[in-house]
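Colleague: let's see this in three dimensions:
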Amino acid sequence: MDRLTPEQRRKNMQAVKNKDSEIERKLRQELWARGVRYRKNVKTIYGHPDLAFIGKKVVVFCDSEFWHGYDWENKKEEIKSRREFWIPKIERNMQRDAEVNKRLESEGWRVIRFWGKDIKENVSACADFVVKCLEES
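Modeller: Model prediction:
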């Protein structure tokens, strides 16, 4: 049972950012400091990638662990409330991520996905990987 009223829950869920999250900003700042330019949240590219390098056909997604199912087989056991809602929702997010990857790759895009924890722990290594992929494209 949810401890919040429907109105409180709605307000909480509306506050969840789908763009300009901390992990996105951190990676963008690192790339910008290196002189790497990008477009962000491109709506014309399938899946609306967080970062896009259109000329190089490289896209980057910054995935938070909860919403995208990091270590899902273990983590789904930790969900205690509203399991009937959250488990299918996160599993659908994971399925959608795979669909987005497959479609973009079939269209010739190089898809890069980072977990939020990897960006937080070593943003420099993540930026190095993006730069390497851009050089290869």
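Colleague: I'd like the average pLDDT over whichever strand or helix holds L27.
Modeller: With the criterion set as DSSP states H and E, the secondary-structure element containing L27 is helix 22-33. Helix 22-33 shows an average pLDDT of 96 in the prediction.
Colleague: what of stretch 51-64?
Modeller: The predicted model assigns stretch 51-64 a mean pLDDT of 97.
Colleague: let's see the longest helix seen in the chain as CSV, backbone CA atoms only.
Modeller: Of all segments of type helix in the chain, defined using DSSP state H, the longest is helix 83-106. What follows is the C-alpha trace of helix 83-106 in CSV, where atoms were taken according to Å, rounded to 0.1, in the frame of the first residue of the first chain:
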residue,chain,number,x,y,z
ARG,A,83,5.4,-4.7,-7.3
GLU,A,84,2.5,-5.3,-9.7
PHE,A,85,3.1,-1.8,-11.1
TRP,A,86,6.9,-1.3,-10.9
ILE,A,87,8.2,-4.6,-12.1
PRO,A,88,6.3,-4.6,-15.5
LYS,A,89,7.1,-0.9,-15.9
ILE,A,90,10.8,-1.3,-15.5
GLU,A,91,10.8,-4.5,-17.6
ARG,A,92,9.1,-2.5,-20.3
ASN,A,93,11.7,0.2,-20.1
MET,A,94,14.4,-2.4,-20.5
GLN,A,95,12.6,-3.9,-23.5
ARG,A,96,12.2,-0.4,-25.0
ASP,A,97,15.9,0.3,-24.6
ALA,A,98,16.7,-2.9,-26.5
GLU,A,99,14.2,-1.9,-29.3
VAL,A,100,15.8,1.5,-29.5
ASN,A,101,19.3,0.1,-29.7
LYS,A,102,18.3,-2.4,-32.4
ARG,A,103,16.5,0.2,-34.6
LEU,A,104,19.2,2.8,-34.3
GLU,A,105,21.9,0.3,-35.1
SER,A,106,20.0,-0.9,-38.1
